[in-house]
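Undergrad: Starting from these lines, generate the structure:
(one chain, ligands or ions: 3)
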Amino acid sequence: MLLAPAASAMSFDPSSYADAVVDYSNGTYGAEAGSNANWTHDPNAALGAENWTSEMTTRGSLGGWNKDIGTSLGQNGFLTVEFTDNYLVGGGDDAADLWIFEIGSAVEAMKVEISTDNETWYEVGIAERQNAQQEFGIGMDIDARIAAEESLSLDTLFRYVRVTDGGTNKYQNSKAGADIDAIAAISSVNADEVDVPEPTSLAALFALGLAGVPALKKRKQSTDA
Ligand SMILES: [Ca+2]
Ligand SMILES: [Ca+2]
Ligand SMILES: [Ca+2]
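TA: Ligands and ions are numbered 1, 2, ... in the order given. The predicted model follows:
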């Protein structure tokens with residue numbers, strides 16, 4: 001599969017983005033954080049497509065960004081998101097597979113981990129924007145990590161991403177630490193395009209002669225009920 005060399009913010013399929021918040025713990029904020037009204041720690045702001053622009057700065061035409069735009073992790077805070085209509089997969093090369101849209105001019109380091117089950121986590125590295133071309137975020141390759149783990153392969157479907165503030169960023173105000181606008185799987189497969197094993201395998205049902213069309217229909221109806 002060919003991947004764009006440097007992900008363009010505009011090129012992602014709408015399904016590529018993280019869909020649900022699983023866990024969030026905002027870390028420590030500085031003394032200037034003030035009232036809760038100014039705190040940018042609604043984790044839902046990190047779902048869906050990116051919506052921060054460089055005009056959302058104190059000097060920009062749109063003014064400072066608010067809690068609808070991004071989620072500040074705070075010192076050592078973390079955010080776990082889930083893909084529900086897609087999966088993150090390895091692209092098979094060293095190009096970026098995962099894109100973290102981080103807000104702001106300061107590069108704030110965060111640890112990035114991926115998981116299939118929200119229990120076993122695989123650290124893919126420390127996200128730090130590398131150059132000006134990556135103003136809108138950080139691309140992470142996950143293939144190196146997959147290759148280093150015997151139980152992982154290009155067929156592994158990752159449903160979860162966890163980002164954890166690096167602990168040594170800036171924490172003076174309510175936008176403390178790494179600020180997450182959005183998270184997208186560049187190497188992404190649609191959930192309805194992959195066969196995920198069911199608890200009772202269809203092969204076993206066929207072997208027993210139980211999996212006729214009526215049985216499947218009934219099963220679907222009961223699922224919908
Ligand atoms: Ca999605
Ligand atoms: Ca890759
Ligand atoms: Ca956002």
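
Undergrad: Just list whatever residues bridge to the residue nearest the centre of the chain.
TA: Geometric centre of the chain, nearest residue: residue 183, 3.9 Å, by Cα atoms, centre = their mean. Beta-bridge partners of residue 183, counted by DSSP bridges, are residue 100.

Undergrad: With residue 163 as the reference, measure out to the residue in the chain that ligand 3 sits nearest to.
TA: Residue nearest to ligand 3 within the chain (Cβ to the ion): residue 181, separated by 4.1 Å. For the C-beta atoms, the positions are set from N, CA and C on the backbone; glycine is no exception. As judged by Cβ to Cβ, to the nearest Å, residue 181 and residue 163 stand 12 Å apart.

Undergrad: Residue 97 and residue 88: what is the separation?
TA: For residue 97 relative to residue 88 (Cβ to Cβ), the value is 7 Å.

Undergrad: so what's in contact with the two at the same time?
TA: In terms of Cβ atoms under 8 Å, 6 or more residues apart in numbering, residue 97 and residue 88 are both contacted by the residues 142, 185, 187.

Undergrad: How about the residues of this protein by ligand 1?
TA: Residues of the chain lying near ligand 1 by Cβ under 5 Å from the ion: 15, 17, 19, 83, 85-86.

Undergrad: List the residues that contact residue 56.
TA: By Cβ under 8 Å, 6+ apart, the contact set of residue 56 is 62-65, 69, 103.

Undergrad: Including pLDDT, secondary structure and neighbour count, could those go into TSV?
TA: As requested, the contacts of residue 56 are exported to TSV (pLDDT from 0 to 100; DSSP: H, G, I helix; E, B strand; the rest coil; neighbours: other Cβ atoms under 10 Å):
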residue	pLDDT	secondary structure	neighbour count
62	89	coil	12
63	85	coil	11
64	85	coil	13
65	88	coil	23
69	94	coil	21
103	87	coil	27
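
Undergrad: Contacts only, for residue 103.
TA: By Cβ under 8 Å, 6+ apart, the neighbours of residue 103 are 52, 56, 65, 69-70, 175, 179-181.

Undergrad: got those residues as CSV, with distance to residue 23 and secondary structure columns?
TA: Shown next, in CSV, are the contacts of residue 103 (distance: Cβ to Cβ, whole Å; DSSP: H, G, I helix; E, B strand; the rest coil):
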residue, distance to residue 23, secondary structure
52, 22, coil
56, 26, coil
65, 23, coil
69, 21, coil
70, 17, coil
175, 21, coil
179, 18, strand
180, 13, strand
181, 18, strand
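
Undergrad: Thanks a lot, see you next time.
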